[in-house]
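Trainee: Model the following, please.
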Amino acid sequence: MNRPCISTVRFAWAGLALGLMFSGCGPAGSGEKSKETGSGLTKVRFQTDWYPQAEHGGYYQALVKGYYREVGLDVEIIPGGPGAFVGQKVATGQAEFGMGRSDDHMLAVAEGIPLVMVSALMQRDPQALLLHDENPVRSFADLDGRTIMAVPGAAWISYVEARYKVKLNIIPINYGLAQFMSDKNFIQQCFVTNEPYYVAQAGRKPRTLLLASSGYDPYRIIFTNQKFTREKPEIVRAFVAASIRGWDDFLTGDATAAKKMIGERNEKMSDEFMEFTIRSLRESQLISGRPENGERTGLLTRKRLEEQLALLVELKLLTTPISLDKAVSFDFLPPELQVLAKAR
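Mentor: Got it, this is the predicted structure:
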């Protein structure tokens, strides 16, 4: 479930930017690939960041419940994995839509990659620190001098060290749980929707610190090609609206058919594991956010994204500031969300 972080993808963006520059013609317009099927529906491809899982459940719900078809779309959900290169595929027209994180996205746009975020996938990032319940660390301020197995160079590390005035000893993550299970003081990076399940299955009591709670709080997002938004704006609006509907229904309605499809496409997704993930999504309010703060499924706000952009500059991850309007468009959100996006 672990995806590449900001430190590993930025070099790929730079390479892609050079490739587009020297190709002489720029990225392929994904609008050339979207076409009507024999059913009269418009075919579009949605590239995910990982293998089929409950963290993608809203899109499968929209697929099996016919929400995409109702708005005229024949959506193909393309599984990801370690070599998914989601942004690169969307930028070069191999997919019309992709998922990622708002901080990675801003770095890509700063490198000249022609992408634009059009909706939130999650209001909160599910990445967290995994601890045994008896570990004395209870807050980010308690991490001073601690060894953490994590992705070296991840942006949250610089942020936590600066904000909480702590020094972390980072060892490279190996994506396993063996060291964690053998040492009750061990700390490692995880996803709240994933690793705690396996720890509990092994008879241990896990606890997590959600990285978003530290103050480093990127969105997980849906993005598309800038050219596609100009040529097919109605398709972008339709995809965003149906996806939001799918997520709300997946978390509050009957998700049986969507879970069945996910399980058929990824045999590692048991019903029990998917139920754990769905419960984690609800409890941590990852998808819909906190209603008391005005957050909603799919919502992006100008204020929060401007703060994220400023933070990337402050952390020196973004050396050349860019205009936020180059990286995001709020015009493809449902009308009620557009009002909230620009007011907050």
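Trainee: show me what contacts the closest residue to Cys190 other than its chain neighbours?
Mentor: Counting by Cβ to Cβ, 6 or more residues apart in numbering, Cys190 lies nearest to Leu130, which is 3.9 Å off, once chain neighbours are set aside. Where C-beta positions appear, they are placed from N, C-alpha and C, glycine not excepted. Counting by Cβ atoms under 8 Å, 6 or more residues apart in numbering, Leu130 touches Phe180, Ile187, Gln188, Gln189, Cys190, Glu195, Pro196, Val199, Pro206, Arg207, Thr208.
Trainee: Would you point out which residue is most central in the chain?
Mentor: Arg220 (3.1 Å; Cα atoms, centre = their mean).
Trainee: and that one, what does it touch?
Mentor: By Cβ under 8 Å, 6+ apart, Arg220 lies in contact with Met99, Gly100, Arg101, Ser102, Ala120, Leu121, Met122, Asp125, Pro126.
Trainee: Assign the residue nearest to Cys190 to helix, strand or coil.
Mentor: strand (DSSP: H, G, I helix; E, B strand; the rest coil).
Trainee: Run through the bridge partners of it.
Mentor: Gln188, Thr208 (DSSP bridges).
Trainee: What of Lys35?
Mentor: Under the criterion used (DSSP bridges), Lys35 bridges to Lys43.
Trainee: On the C-terminal side of whatever helix or strand Glu307 lives in, identify the next helix or strand.
Mentor: In this structure, Glu307 sits in helix 302-314 according to DSSP states H and E. Elements were assigned by DSSP H and E; along the chain past helix 302-314, the next helix or strand is helix 335-343.
Trainee: ok, and what's touching that next one?
Mentor: Against helix 335-343 from outside (Cβ under 8 Å, 6+ apart): Gly294, Arg296, Gly298, Leu299, Leu300, Thr301, Arg302, Phe330, Asp331, Leu333.
Trainee: Can you convert these into a markdown table and add a column each for neighbour count, distance to Ile235 and pLDDT?
Mentor: A markdown table is the format used below for these (neighbours: other Cβ atoms under 10 Å; distance: Cβ to Cβ, whole Å; pLDDT from 0 to 100):
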| residue | neighbour count | distance to Ile235 | pLDDT |
| --- | --- | --- | --- |
| Gly294 | 12 | 28 | 92 |
| Arg296 | 22 | 22 | 96 |
| Gly298 | 29 | 16 | 98 |
| Leu299 | 24 | 21 | 98 |
| Leu300 | 25 | 19 | 98 |
| Thr301 | 22 | 24 | 97 |
| Arg302 | 15 | 24 | 96 |
| Phe330 | 20 | 17 | 97 |
| Asp331 | 13 | 13 | 97 |
| Leu333 | 24 | 15 | 98 |
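Trainee: What is the most widely separated pair among the residues you listed?
Mentor: Distance extremes for the contacts of helix 335-343: the farthest pair is Gly294 and Asp331 at 19.4 Å, using Cβ to Cβ.
Trainee: So what's the residue count around Glu275?
Mentor: Other residues within reach of Glu275, judged by other Cβ atoms under 10 Å, total 14.
Trainee: Over to it: give its phi and psi.
Mentor: In terms of degrees, to the nearest 10, the main-chain angles of Glu275 are phi -70, psi -40.
Trainee: re the thing from before, how about residues contacting the helix holding Glu307?
Mentor: Taking Cβ under 8 Å, 6+ apart as the rule, helix 302-314 contacts 102-103, 106-107, 155, 159, 216-219, 318-319, 321-322, 324, 327-328, 330, 341-342, 344.
Trainee: The same query, at a cut-off of 6 Å, please.
Mentor: The contact list for helix 302-314 (Cβ atoms under 6 Å, 6 or more residues apart in numbering) reads Ser102, Met106, Leu318, Pro321, Leu324, Val328, Lys342, Arg344.
Trainee: CA atoms only for it, dumped as PDB, please.
Mentor: Taking Å, rounded to 0.1, in the frame of the first residue of the first chain, the C-alpha atoms of helix 302-314 are listed here in PDB:
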ATOM      1  CA  ARG A 302      -7.900  27.900  -2.200                       C
ATOM      2  CA  LYS A 303      -6.800  28.900   1.300                       C
ATOM      3  CA  ARG A 304      -5.500  25.400   2.200                       C
ATOM      4  CA  LEU A 305      -3.700  25.000  -1.100                       C
ATOM      5  CA  GLU A 306      -2.100  28.400  -0.900                       C
ATOM      6  CA  GLU A 307      -0.800  27.400   2.600                       C
ATOM      7  CA  GLN A 308       0.600  24.100   1.200                       C
ATOM      8  CA  LEU A 309       2.300  26.000  -1.700                       C
ATOM      9  CA  ALA A 310       3.900  28.400   0.800                       C
ATOM     10  CA  LEU A 311       5.000  25.500   3.000                       C
ATOM     11  CA  LEU A 312       6.800  23.800   0.000                       C
ATOM     12  CA  VAL A 313       8.700  27.000  -0.600                       C
ATOM     13  CA  GLU A 314       9.500  27.400   3.100                       C
END
